[in-house]
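Student: Mind looking at a prediction? Sequence and model below.
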Amino acid sequence: MFREGIRCHGSHLTLRALHKKAKPIVNNSKVEPENFELEVATKIGISISTKVSKRAVVRNRIKRQIRAAFRSLLPQISPGWLLVVIVKPSVVQAKCDYDQFLQELEQLLTEAEVIDGHS
RNA sequence: AAGAGUAGGCGCAGCGGUUGCGGAACAGUUUUAGCUGCUGUUCUGAGGAAAGUCCGGACUCCCGAAAGACCAAACUUGCUGGGUAACGCCCAGUGCGGGCGACCGUGAGGAUAGUGCCACAGAAACAUACCGCCGAUGAAUGAGGAGCGAGGAGGAGCCAGUGCGGUGCGGGGGUGUCCCCCGUUGUAGCAACUGGCGUCGAGGAGUGAGGAGCGAGGUACAAAUUAAACCCUAACCCCUAACUCCUAACCCCUCUUAAAGGUAAGGGUGCAAAGGUGCGGUAAGAGCGCACCAGCAGCGUCGAGAGGCGCUGGCUCGGUAAACCCCAGUUGGGAGCAAGGUCGGAGGAACUAUGGUUGGUCUUUUACCAGUUCCGUUAUUGGAGAACCGCUAGAGGCGUCUGGUAACAGGCGUCCCAGAUAGAUAACCGCACUUCGCUAGCAACAUUGUUGUUAGGAAGCAACAGAACCCGGCUUAUGUCUUGCUCUUUCCC
């Protein structure tokens, strides 16, 4: 997905996304066509390196806040996406809070057309 | 009251609610190969350091060995005693160092078992003399000073007369604030002459104690007188003892020159220089002697011991053991929960031909022959996994009692208190709370500011920091606060 996925850059976060619907032939033999949509779940990864902060407390807290933001956005995301969020070091200096993460994530997901901006 | 010291306590600025996440139990389910999934209810969910990963264990596997003894090796173990599963940890004590003190720090065996090393500098770094000091004793040779103590030696004029001149007094004269002449048993000199005395120690000057005598005045006692005693003042005479000045040799002191030699006080060098300080002593010095201190050895005594205290002795021994080493102690080696194990998708290997399967012989079935490794069997490898065990009941927590100074140990009671696996804690709200002193009101002081308070507003949900197999330590990081005890200084009673 790093090779083929989409990239979107925000001020503090980077999003990489890939829709898994592109190669449905693999699972054809085992799973019947009707159940296919349900089988492919959304997978989300959060990457935060020691460059952001050397203190584990800070990194974990940011991760939790992003995770909480995804939970609130989850109903809007259509299934079958692979998503990775990479946190940039500028987050610590800006001292972002939950609202900023939520806002920026929503913006990025809309840009990548993961969620429908209209709905 | 202020400033310190020490032993702790708490991780707290709280309480409640909603949504969401991890775990456990129970129930349900038209769930699944399977408590697998899903739903619901209840309970529960980070720390004192979870950190650093610096020590020590428990547990597991691999290698090696089999109890033990000896030897070797390793150890950043090293005051003593105790505690502990163990430790490089803890407790109690000893010595040393620091602090006025409460108290704090301490890697603190052996340098007298042996070997080595001690750069540069310095004379010398384990034995020496560069500068310096001395030159006593022995030998040689001068110069100066002082008479303290003892002893000895020395000292040279004095008196009378005559004479000389000065001066005083008396008389006379003159040119009268002066001069001359005569006289004089006045006086102080000079030392030519004469005489006497003196080196058998005369004589002079000064200081001054005691004794005896003579005697004037005063004091005390007494009615007065006399006598005696005592004290003070002045003068005179005699005797005894002592001192100073003047003096050669000897003696004494000081200095000079040179040498044999003595010395380790002082200087300088160095991280370090041969115990320290003082007094005596000496030619100068030196534990050479003495006192105190330090050190060493021996003995006694106290202590479980490290050591303490006392006495005695000889007389002083450099540093370095984180150089080798000696002594005592400890120790199978290695890897670590990603240890290791279970289930076992899958891989390759072997096996059987009794099965399946493929081919051949046969008209077909049966049967026979050959092949194959898809299935099968066996052991094996094994990080495929929404896997499982290890994995959280423990050298456990809390309370209490007993023993112990304490660390700690034991008994009893009670409680179950995270278990994730790219790794669960986040978001929001309410009431309190803290800060700001922004806005408004009130009050006080005081004057247009300060403080307090009420209401509103804003900011803040905390420092250090996140379990990852588990314990015991150590180290480091850290916020606001709080309790007990103790010390020093100042003030008051």
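Tutor: It's in.
Student: and the longest helix along chain A, which residues are buried?
Tutor: Criterion DSSP state H: the longest helix present in chain A is helix A:56-73. By 16 or more other C-beta atoms under 10 Å, the buried positions in helix A:56-73 come out as A:59, A:62, A:65-66, A:69-70. Every C-beta, even on glycine, is put in place using the N, C-alpha and C of the backbone.
Student: Pairing partners for the next helix-or-strand element following that helix, with directions?
Tutor: Moving toward the C-terminus from helix A:56-73, the next helix or strand (DSSP states H and E) is strand A:81-87. According to DSSP bridges, strand A:81-87 has the following sheet partners: strand A:13-19 (antiparallel), strand A:43-47 (parallel).
Student: so how far is residue A:46 from residue A:68?
Tutor: Note on residue A:68: its distance to residue A:46, by C-beta to C-beta, to the nearest Å, is 11 Å.
Student: re earlier: state the pair within the buried residues of helix A:56-73 that is farthest apart.
Tutor: Spatial extent of these (C-beta to C-beta) is set by the pair A:59 and A:70 at 16.8 Å.
Student: count of neighbours near the nearest residue to residue A:47 once chain neighbours are set aside?
Tutor: Counting by C-beta to C-beta, 6 or more residues apart in numbering, the nearest residue to residue A:47 once its immediate chain neighbours are dropped is residue A:86, at 4.7 Å. Residues lying near residue A:86 (other C-beta atoms under 10 Å) number 16.
Student: swap in residue A:17?
Tutor: Neighbourhood size, residue A:17 [other C-beta under 10 Å]: 21.
Student: just checking, residue A:65 touches residue A:101?
Tutor: Yes - between residue A:65 and residue A:101 there is a contact at 5.4 Å, judged by C-beta atoms under 8 Å.
Student: Now the strands paired with strand A:81-87 in TSV, please, with extra columns for distance to RNA strand B.
Tutor: Converted to TSV, the strands paired with strand A:81-87 look like this (distance: least, C-beta to the nearest atom of the strand, whole Å):
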stretch	distance to RNA strand B
strand A:13-19	15
strand A:43-47	6
